[in-house]
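Undergrad: Here is a sequence with its predicted model. Questions after.
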There are 2 protein chains.
Amino acid sequence: MKFALAQTNPTIGDLENNLNKILKNIDLAAKENVEVIIFPELALSGYPPKDLLLKRQFIEDNKKYLNLLAEKANKQITVILGIIEENYGEGKPLFNSVAVIKENKIVYTRQKTLLPTYDVFDEDRYFESGKTITPAKLFGKNFGLSICEDIWHDDISWARPRYKIDPITELCKTNLDLIINCSASPYFMGKPQLREKVLINCAKKHKLPIIYVNQVGGNDDLIFDGNSCIIDKNGEVILKLKSFEEDLQFFDLDVPHPTISPSPHNPEEELLQAITCGLHDYVNKCGFKKVIIGVSGGIDSALVATLAARALGKENVLGIFMPSRFTSSESEKDAKDLANNLRIELKTFSIEEPFKAFTQLLSPTLSEKGVGIENIQSRIRGSILMSLSNETGSLVLTTGNKSEIATGYCTLYGDMCGALAVISDLSKNNVYNLSKYINKKEGKEIIPENTIRKEPTAELRPNQKDQDTLPPYDVLDKILELYVEDHIPAKEIVNNNIPIETIKKVCNMIDVNEYKRQQAAPGLKLTSRAFGFGWRMPIAKRYKEN
Amino acid sequence: MKFALAQTNPTIGDLENNLNKILKNIDLAAKENVEVIIFPELALSGYPPKDLLLKRQFIEDNKKYLNLLAEKANKQITVILGIIEENYGEGKPLFNSVAVIKENKIVYTRQKTLLPTYDVFDEDRYFESGKTITPAKLFGKNFGLSICEDIWHDDISWARPRYKIDPITELCKTNLDLIINCSASPYFMGKPQLREKVLINCAKKHKLPIIYVNQVGGNDDLIFDGNSCIIDKNGEVILKLKSFEEDLQFFDLDVPHPTISPSPHNPEEELLQAITCGLHDYVNKCGFKKVIIGVSGGIDSALVATLAARALGKENVLGIFMPSRFTSSESEKDAKDLANNLRIELKTFSIEEPFKAFTQLLSPTLSEKGVGIENIQSRIRGSILMSLSNETGSLVLTTGNKSEIATGYCTLYGDMCGALAVISDLSKNNVYNLSKYINKKEGKEIIPENTIRKEPTAELRPNQKDQDTLPPYDVLDKILELYVEDHIPAKEIVNNNIPIETIKKVCNMIDVNEYKRQQAAPGLKLTSRAFGFGWRMPIAKRYKEN
């Protein structure tokens, strides 16, 4: 039996273009005599549609386009895809379903049972859990159709059983021939490997092949890595689709296939592809082509400019260098070297005159060494970038990393200005690692070696260094990983040979800077816990760990 | 039998002070020979603790303080309160429970069945739904203990049945003598009246008295209005606690009580109290006393300054007037009149010099009539306010209303700067109504009559008026109400005699300005659907209603 796996990159809510993309894939598959083509979860609307699901018109429009799909799809082929389905019974008004379209009719639907409601996921907000467990009977076989989380009832992925039901095990009791999973499973570092393990475990446990089709592409903060695949009943990978790119592959399950041996895991390359994908899609799906980046000579802006040039093309990246009286000639050289290496345009605007005007206006209110005088420089720079953005119709990319945003080592309405925070989920150490990797991969200096080598500084006062305010980044990033990503109590972090005073200081910085993060630009999710949509902390709180 | 209803105002996570508040109420009740005292939902942690619930240490600390409460509580009195309870079985790791403490022991718990997961509520993110339905046997009687949403399985509050189970009906099958509900039910306009109706309906339906104890006070965007009450088995209100204030009331249920006839509903007074409460608590619970407000002579900043003076005291409010070359003498007079009327300090900083410096620096990049030149003025003002905030340790209050924030008629990092958006959930019409009400209530001009009378303008270019860009506010606000609060399709809004072109223009403005709102300050929720935490729209989307 011949299958097609269609790993599509939808734009949220763009029903017409998403439909056309689906139809195009169906036509390509039909030419190859495919019998069944499989698309990701919520393939027409794109995932996650979020509160668009609360709009009655959106649900009606989805239904209309689903009917168009059924009507227009090539009759020779059976289509399996994720859809929004109305719930006419009690409970939430919708189901997150999988549908089978055969000869212009929807002949089967099954409703997602396990609805992720944690981290960035809010499915209980919209969907009722489906409890019906019947296979789809197609071509004389029993297809176990499942949706994303349905297949994640697994001992290796959760510390404790998250759900009471295991829909795959229930489905398998109905004498299945095959498990199919339509997914929209977002990326974070290590997730593709974890996901493959979960799928392999599931195939082995039930002694059934699994066809897994994942969404690909960036939607706001989320990046979907694709990596759709087929696992045979022995748990061997026998087909693997592309990472971070659309793909369409055909596969005859009745013909024996060699096992695909696992390719060596290159974490930096994976990260590079992920960010490139997320950045490209955010800019383009927002309807923009060009971006503006404040380039300081430092590592963060250098990396973001490099990523932008990769994702959007060097002609679409404008660097803005904004020196002050505290900017060193070293910084200027580093900024110019970067622009030369990337072959991007670099414009210079000195902030001296606005800075003088502000300090004159605000003196004597503003003390000479206060944080106000530092922040004003950052806010002048933010205003310059935003003015240029307003005039040229380009998006501003903001360049803060996770270590800064965690500790509040950044200026609200200053360097935090921008449409997208490209590396806000990368720790400073990861920023260095990725920068070095890019230079190594290109076989030449892209990010100036001096930028990588020198001590990091915000240059908002004379001789300022990050480490005047923050502990060494190695220590800081370890605390962040444990305290933010894993919610480990401060008192247990000392097991990593970090003094308790340092831990308490950093944890307190993280806690009290929640107000900044809640006004931050959306940032690409790259770890298991990013700040932003999946991090929901109160601001006006007074909790201190015991 | 004598009850105490303790309507407390906790600070999120402030376990020590929240415990002390509870113990103080218990002592006061013990002196009155009360047998049972009842507190709100999650009374120790405060509601909503949000992602603090994901921290293991937070759960341990809550348990510790609950044990302290059991240990320290006066033995003469039975305590009923909402607690966090661990789930040792499958599913989410916690329950949102109600506990009974008697003679220093927790003798009973019941787990909340209906977990709100819509709008601002995320309870499925943290809690497993409790299915156990057994009454608490106390003093030879059957107490039906429930938590907040458990009592909202009601035909009048939902358009369709939201839940499959009605825990109150199930509890009533166990031969109850009384229903008790521990709540944390946040305010929006009309909510106190709706809630009372739901409670009256429930009492009548089950022919049982209900003791309802609600949290009070502001926590971030949410304002809890209190309004705890007792409804008798005939659906008559026989006790009512204060609105927007802490309260402790004693009540002997065995003694006949007169019915409390409904007081006439004054929507503006209710709104005034709500905002005052939310604003006061946000500033204080964040650890601040003083606020700074950019005062322009316009209605929005005038109202916010007035509300701040009420909530925090006039000595804690600093107005900043920041004229430009486009500022009229009328605006200056209005700003000064306001400050005089409120007796708040007003400082003036002309933005002329920074504005000149910016325009010189950015010319010829910046076109003379572009949006860039307008925004730069707004961003200079934002920077001035933030500098003063940084220097003085005061919070900046931002003054945008819902009509502006909906349509994007505001400058990101400019007038949107601030720690709290006080009136971001009030339409322009509501801003006028509330302003007029305050003047009427005070019997004198507080908000200058000229500010109320004149045409609204942003004064970012010569002779600019809001209505150059926006439709009349009457029309705009009607569209907002239907499109934002009720998610009514644009094509159905025409039934309100508004031209379809106007509707489409406004709806499009709302859709494309999502990026601004996602970087907005938290705003007090005052309607059934505020922007912010309960409004979760994708940014990079391309949905147009059919």
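TA: Received it, and whenever you're ready, just let me know what you need. Numbering: from 1, shown residues only, chains lettered A, B, ... in the order given.
Undergrad: starting at the chain centroid, how far to stretch A:74-87?
TA: Relative to the chain's own centre, stretch A:74-87 is displaced by 27 Å; criterion: Cα atoms, centre = their mean, to the nearest Å.
Undergrad: Kindly export the one helix or strand A:Tyr432 maps to (C-alpha atoms) in CSV.
TA: Counting by DSSP states H and E, the element that carries A:Tyr432 is helix A:428-442. Listed next in CSV are the C-alpha coordinates belonging to helix A:428-442 (Å, rounded to 0.1, in the frame of the first residue of the first chain):
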residue,chain,number,x,y,z
LYS,A,428,24.9,33.5,26.8
ASN,A,429,26.9,30.3,26.6
ASN,A,430,24.8,29.0,23.8
VAL,A,431,25.2,32.4,22.0
TYR,A,432,28.9,31.9,22.1
ASN,A,433,28.7,28.2,21.0
LEU,A,434,26.5,29.0,18.1
SER,A,435,28.6,31.9,17.0
LYS,A,436,31.7,29.8,17.0
TYR,A,437,29.9,27.0,15.1
ILE,A,438,28.9,29.4,12.4
ASN,A,439,32.4,30.6,11.8
LYS,A,440,33.6,27.0,11.8
LYS,A,441,30.9,25.8,9.4
GLU,A,442,31.7,28.7,7.0
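Undergrad: Name the residues of that helix that are buried.
TA: Counting neighbours by 16 or more other Cβ atoms under 10 Å in any protein chain shown, one finds that the buried residues in helix A:428-442 are A:Lys428, A:Asn429, A:Asn430, A:Val431, A:Tyr432, A:Leu434, A:Ser435, A:Tyr437, A:Ile438, A:Asn439. C-beta: built from backbone N, CA, C; applies to glycine.
Undergrad: average model confidence for it?
TA: Here helix A:428-442 scores 98 as its mean pLDDT.
Undergrad: which other residues reach it?
TA: Counting by Cβ atoms under 8 Å, 6 or more residues apart in numbering or on different chains, the neighbours of helix A:428-442 from elsewhere in the structure are A:268-269, A:271-272, A:299-300, A:302-303, A:306, A:401-404, A:423, A:426, A:445-447, A:449, A:451-452, A:456, A:473-474, A:476-477.
Undergrad: list the buried ones in the following helix or strand past that helix?
TA: For helix A:428-442, the succeeding helix or strand toward the C-terminus, using DSSP H and E, is helix A:449-453. Within helix A:449-453, the residues scored as buried using 16+ other Cβ under 10 Å are A:Thr451, A:Ile452.
Undergrad: re earlier: might you calculate how far the helix holding A:Tyr432 sits from the centre of the chain?
TA: On the basis of Cα atoms, centre = their mean, helix A:428-442 sits 19 Å off its chain's mean C-alpha point.
Undergrad: and if you look at stretch A:368-377?
TA: Distance of stretch A:368-377 from its chain centroid, counting by Cα atoms, centre = their mean, is 34 Å.
Undergrad: Could you list the buried residues of that stretch?
TA: A:Gly372, A:Ile373, A:Glu374, A:Asn375, A:Ile376, A:Gln377.
Undergrad: again, but for stretch A:467-487
TA: Residues A:470-471, A:473, A:475-485, A:487 are the ones in stretch A:467-487 that count as buried (16+ other Cβ under 10 Å).
Undergrad: Those residues in helices, which ones?
TA: Filtering the buried residues of stretch A:467-487 for membership in helices, criterion DSSP state H, returns A:Tyr473, A:Val475, A:Leu476, A:Asp477, A:Lys478, A:Ile479, A:Leu480.
Undergrad: So the nearest residue to the last one once chain neighbours are set aside, which state does it fall into?
TA: What that stands for is A:Leu480. Spatial nearest neighbour of A:Leu480, chain neighbours left out: A:Ala406 (5.3 Å); criterion: Cβ to Cβ, 6 or more residues apart in numbering or on different chains. Recorded secondary structure, A:Ala406: helix (DSSP: H, G, I helix; E, B strand; the rest coil).
Undergrad: Next one: A:Ala406 from A:Leu476, what distance?
TA: Between A:Ala406 and A:Leu476 the distance is 8 Å, computed by Cβ to Cβ, to the nearest Å.
Undergrad: Same check on A:Ala43?
TA: Distance, A:Ala43 to A:Leu476, by Cβ to Cβ: 42 Å.
Undergrad: between the helix holding A:Tyr432 and helix A:473-480, what angle do the directions make?
TA: Angular relation of helix A:428-442 and helix A:473-480 on a 0 to 180 degree scale: 120 degrees, by axes from the mean of the first three to the mean of the last three Cα atoms, to 10 degrees.
Undergrad: Thanks again, I'm all set now.
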